[in-house]
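Engineer: what's the 3D shape of this:
(4 chains)
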2 protein chains.
Amino acid sequence: MGLSNTARAQPEPDPDTAAPAARGRGRPRKRPEERDDGNRRQAVLRAAARLFRQQGFAATSTRDIAAAAGMQSGSPFYHFESKHALLGAVMLEGMERALAAQARAMQRAEDDGEPIDERAALRVLVRNHLEVLLGPESDFIPVMLYEWRSLSEAQRRDINALRRDYEAVWNPVLEALHAQGLLRGDVRLARLMIFGALNWAVQWFDPARRATLDALTDAALDLFLQERA
Amino acid sequence: MGLSNTARAQPEPDPDTAAPAARGRGRPRKRPEERDDGNRRQAVLRAAARLFRQQGFAATSTRDIAAAAGMQSGSPFYHFESKHALLGAVMLEGMERALAAQARAMQRAEDDGEPIDERAALRVLVRNHLEVLLGPESDFIPVMLYEWRSLSEAQRRDINALRRDYEAVWNPVLEALHAQGLLRGDVRLARLMIFGALNWAVQWFDPARRATLDALTDAALDLFLQERA
DNA sequence: CCTACCGATCGGTAGG
DNA sequence: CCTACCGATCGGTAGG
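Structural biologist: Next up, the predicted model:
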């Protein structure tokens, strides 16, 4: 993901967010054996994701997050330089999860055999996107979508790189569908509108009856694609 | 400066934009002739809409709003009971404008003659929605869309009523298109996704080159409708 | 509407 | 990671 060298001592988001998280944080560890195993850091990250999603970034205090993670009010700052760095870490984690899930879903579809039909590929992408957006453990991506304006310019640049990777998987599928006459109109605008249609579900989807993620997928494909070329 | 230069007898048709909200504010008016003409109230409302849109509700201070409206820090509270009440007023104003614009657009289309074709009707609705969302003076509706969670239950109820009115105009059009085979899939889900596709444009549309609202409309219709029944 | 002000809360830090 | 704390800012109000 490489965004490690910002050269500035600015309050940049700590790049190492998720699993690998091998790099040291600001403060020096006393002894290797005492290294933070990431449990507490992950707890802060998850609590932040949930609260940022529910209440928004500005409306959530770092004290709220600390309490939700079972810590004292100043402790989140041991793991993250600032509240903004925490927000950036949540979004980065979200994008990494989304990218990983997308790669897994596409791989699975290919493994299932059959030459890859673009219609089926779009179905896989849509279904996975909805899962990432609305499934369990799905606080990170909604935060990324709806708190974009709270990011600094540098943070946006970093996360935009991952976003482009995510979209890069969609583009050839959409282009092919367009070439086949199954998707009409400007492809770039179509992509933006498709993402909008799906992302908006965050606002109205009721997770109580989440059996309907498949129904949502069907509705999306019915809506976006032409019945026959 | 004069503590009373407000008392200008400037009779104007009730400025209280929020129609039914014509209820008295906290403090009693001294004399009927001295009633606030709404200029300053409108200034506060517009400043709030702009700042809430740009920075979000929680990240905007009432001092920011006061300054943007050319007032002192405590003065917004002369016009609105609280920051939350101000947010509600922004959203209410937004919905009223949107409803009025929608009615005007539909009326205009009917006046232009021709029996009303549903495809054309959808075009009118989409085009108007984009205008309300992205056109000039378009801060109110985006605030409503993206600050929903900051509302109280009672406020949501009021504004939801107007939202239902707004959607009620779309439903018969979408139903008819579905009956004609031009719109596929579950109609309710289709409506939600269409709104999502359009509302999401707030996130990426660049108003600098706003000549493309028509292009957006074309792209939307291409994407959502089947070419032929 | 302005002046002057209050109590509460916030992000963040020093030092252990 | 906790304790103890600071300066800044916030929504809101009394009184004119």
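
Engineer: CA atoms for contacts and neighbours, from now on please.
Structural biologist: Fine.

Engineer: And the next helix or strand past the helix ranked longest in chain A?
Structural biologist: For chain A, the longest helix by residue count, based on DSSP state H, is helix A:83-111. Using DSSP states H and E, the helix or strand that follows helix A:83-111 in sequence is helix A:118-134.

Engineer: That following helix: how far from the chain's middle?
Structural biologist: 14 Å (CA atoms, centre = their mean, to the nearest Å).

Engineer: Next, the buried residues of it.
Structural biologist: A:118, A:121-134 (16 or more other CA atoms under 10 Å in any protein chain shown).

Engineer: so that helix versus helix A:83-111, what angle?
Structural biologist: Interaxial angle, helix A:118-134 versus helix A:83-111 (axes from the mean of the first three to the mean of the last three CA atoms, to 10 degrees): 150 degrees.

Engineer: Stretch A:106-125 vs chain B: in contact?
Structural biologist: No - interface with chain B: stretch A:106-125 contributes nothing (CA under 8 Å from any CA of the partner chain), its closest point being 14.5 Å away.

Engineer: ok, now stretch A:217-229?
Structural biologist: Yes - contact between stretch A:217-229 and chain B, assessed by CA under 8 Å from any CA, occurs at A:218-220, A:222-227.

Engineer: Can you tell me which residues in chain A are near chain B?
Structural biologist: A:54-55, A:58-59, A:149-150, A:183-186, A:189-190, A:192-201, A:216, A:218-220, A:222-227.

Engineer: again, 7 Å this time
Structural biologist: Within reach of chain B by CA under 7 Å from any CA of the partner chain, chain A has these residues: A:58-59, A:183-186, A:189-190, A:193-194, A:196-198, A:200, A:219, A:222-224, A:226.

Engineer: give the contact list for A:T60.
Structural biologist: A:51-52 (CA atoms under 7 Å, 6 or more residues apart in numbering or on different chains).

Engineer: Tell me the confidence at it?
Structural biologist: Listed pLDDT for A:T60 reads 98.

Engineer: how close does it get to A:G70?
Structural biologist: To A:G70, A:T60 is 16 Å away according to CA to CA, to the nearest Å.

Engineer: same deal with A:L192?
Structural biologist: 40 Å.

Engineer: okay, the two: which has more neighbours?
Structural biologist: Legend: neighbour count by other CA atoms under 10 Å in any protein chain shown for A:L192 and A:G70, higher for A:L192 (18 against 14).

Engineer: Go ahead and list the helix or strand containing that one.
Structural biologist: helix A:187-199.

Engineer: Ok, A:L183 next?
Structural biologist: A:L183 belongs to no helix or strand, assigned by DSSP H and E.

Engineer: which residues does it contact?
Structural biologist: Going by CA under 7 Å, 6+ apart, the list of residues near A:L183 reads A:177, A:224-226, B:223.

Engineer: ok, now A:L216?
Structural biologist: Contacts of A:L216 by CA under 7 Å, 6+ apart: none found.

Engineer: For the host helix or strand of it, which residues meet the burial criterion?
Structural biologist: Following DSSP H and E, one finds A:L216 within helix A:213-224. Going by neighbour count (16+ other CA under 10 Å), the buried part of helix A:213-224 is A:213, A:216-224.

Engineer: May I see these arranged in CSV, with distance to B:D139 and pLDDT as well?
Structural biologist: What follows is these, written out as CSV (distance: CA to CA, whole Å; pLDDT from 0 to 100):
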residue, distance to B:D139, pLDDT
A:L213, 33, 94
A:L216, 30, 97
A:T217, 32, 98
A:D218, 34, 98
A:A219, 31, 98
A:A220, 29, 98
A:L221, 32, 98
A:D222, 33, 98
A:L223, 29, 98
A:F224, 29, 98
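
Engineer: and of the residues you listed, the nearest to DNA strand C?
Structural biologist: Set against DNA strand C, the nearest of these by CA to the nearest atom of the strand is A:L213 (34.2 Å).

Engineer: Quick check on the spatially closest residue to A:V44 that is not a sequence neighbour: phi, psi?
Structural biologist: Leaving aside its sequence neighbours, A:V44 sits nearest to A:A69 (CA to CA, 6 or more residues apart in numbering or on different chains; 5.5 Å). Note on A:A69: its backbone torsions stand at phi -100, psi 0 [degrees, to the nearest 10].

Engineer: what mean pLDDT does the host helix or strand of A:H178 have?
Structural biologist: Secondary structure from DSSP H and E places A:H178 in helix A:153-179. The average pLDDT for helix A:153-179 rounds to 97.

Engineer: repeat for stretch A:38-55
Structural biologist: 96.

Engineer: Ok, stretch A:182-191 next?
Structural biologist: 97.

Engineer: and what of stretch A:69-82?
Structural biologist: Over the span of stretch A:69-82, the pLDDT mean works out to 97.

Engineer: Likewise for stretch A:96-109?
Structural biologist: If you average the pLDDT values across stretch A:96-109, you get 97.

Engineer: And stretch A:118-133, by the same measure?
Structural biologist: Mean predicted lDDT for stretch A:118-133 stands at 97.

Engineer: And for that stretch, what's in contact with it?
Structural biologist: A:98, A:102, A:105-106, A:138, A:141-142, A:173, A:176-177, A:198, A:202, A:213, A:217.

Engineer: what residues go with each domain of chain A?
Structural biologist: A:1-81, A:83-224 (automatic domain parsing).

Engineer: most packed of those domains?
Structural biologist: domain A:83-224 (a mean of 18; mean count of other CA atoms under 10 Å in any protein chain shown).

Engineer: do that domain and DNA strand C meet at all?
Structural biologist: Yes - contact between domain A:83-224 and DNA strand C is present through A:83-84 (criterion: CA under 7 Å from any atom of the strand).

Engineer: do that domain and DNA strand D meet?
Structural biologist: No - using CA under 7 Å from any atom of the strand, domain A:83-224 never reaches DNA strand D; the gap is at least 13.3 Å.

Engineer: So what's the gap between that domain and the chain middle?
Structural biologist: For domain A:83-224, the distance to the chain centre is 9 Å (CA atoms, centre = their mean).

Engineer: Give the closest residue to A:D214 in space, chain neighbours not counted.
Structural biologist: A:R127 is the one closest to A:D214 (CA to CA, 6+ apart), at 7.2 Å.
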